[in-house]
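Enquirer: Task: produce atomic coordinates for the following.
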Amino acid sequence: MDPSQAPVENYANPNTCLFHVLFKGGALAFYILSALFFNSFVIIFVVTVLLAALDFWVVKNVSGRILVGLRWWNEINDLGESVWKFESLDQESLARMNKKDSWLFWWTLYLAAAAWLILGVFSLIRFQADYLLVVGVCLSLNVANIIGFTKCKKDAKKQFQQFASQTIASRFQSTVQSAFTLV
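Expert: Below you'll find the predicted structure:
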């Protein structure tokens with residue numbers, strides 16, 4: 001190895017990355033390969049949706065927290081309105097997150113949605129409305145995670161900007177006050 005070469009960053013959480021990819025790949029692979037082994041649409045529907053639901057849960061509650069330091073959920077308030085809730089690590093911790101883990105998380109999130117979309121187009125072209133239903137459920141679970149984590153990431157940036165501006169304003173105010181006290 002050349003000593004002048006920068007060291008290659010490894011995955012900080014290889015097991016989480018593996019399961020993040022396996023759950024996504026499992027749902028897609030089962031859906032694609034199931035026609036070779038099963039004649040029953042019900043089995044294909046139930047198993048594929050179950051795998052996609054497991055993927056949704058793992059991404060939302062496990063790999064999202066570990067790989068990118070984000071968590072989201074949706075609640076219904078007393079007025080019956082949907083309210084998004086977001087949690088993130090502090091900015092210092094987010095800055096220390098492993099870049100490869102983060103890259104894998106975001107790319108697989110978007111690539112899986114693109115794969116489900118392509119499979120939906122194939123189902124539409126082949127006039128298979130029942131399989132379009134399977135793809136629609138899986139795509140909606142994937143898109144829900146994309147929307148949730150994207151909103152969560154934007155909320156974390158907004159909170160950091162607010163914190164930074166409040167800190168700068170309070171430091172400026174204390175500097176000005178101390179300058180006037182000296183005079």
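
Enquirer: any idea of the pLDDT on residue 22?
Expert: We note a pLDDT of 91 for residue 22 in this prediction.

Enquirer: Okay, and it sits in which element?
Expert: Per DSSP states H and E: residue 22 is located in helix 14-37.

Enquirer: what's downstream of that helix, the next helix or strand?
Expert: Remark: after helix 14-37, the chain's next helix or strand is helix 41-58, criterion DSSP H and E.

Enquirer: Show me what that following helix is in contact with.
Expert: Residues from elsewhere that reach helix 41-58, judged by CB atoms under 8 Å, 6 or more residues apart in numbering: 19-20, 23-24, 26-27, 30-31, 34-35, 38, 112, 130-131, 133-134, 137-138, 141-142, 144-145. Where C-beta positions appear, they are placed from N, C-alpha and C, glycine not excepted.

Enquirer: Now do that helix, average pLDDT.
Expert: Here helix 41-58 scores 92 as its mean pLDDT.

Enquirer: any idea of the mean pLDDT for the helix or strand following it?
Expert: Of the helices and strands lying after helix 41-58 in sequence (DSSP H and E), the nearest is helix 64-68. Averaging pLDDT along helix 64-68 gives 81.

Enquirer: For the residue sitting nearest the centre point of the chain, what are phi and psi?
Expert: For the chain, residue 149 is the residue whose C-alpha lies nearest the centre (CA atoms, centre = their mean; 4.6 Å). Dihedral pair for residue 149: phi -70, psi -30, per degrees, to the nearest 10.

Enquirer: Show me what the helix or strand where residue 100 lies is packed up against.
Expert: Using DSSP H and E, residue 100 sits in helix 99-125. For helix 99-125, the packing partners by 3 or more CB pairs under 8 Å, 6 or more residues apart in numbering; DSSP states H and E come out as helix 14-37, helix 64-68, helix 129-182.

Enquirer: what comes up buried for that helix?
Expert: Residues 100-102, 104-106, 108-109, 112-113, 115-116, 119-120, 123 are the ones in helix 99-125 that count as buried (16 or more other CB atoms under 10 Å).

Enquirer: Report the contact partners of residue 135.
Expert: Listed by CB under 8 Å, 6+ apart, the contact set of residue 135 reads 31, 116, 119, 120, 123.
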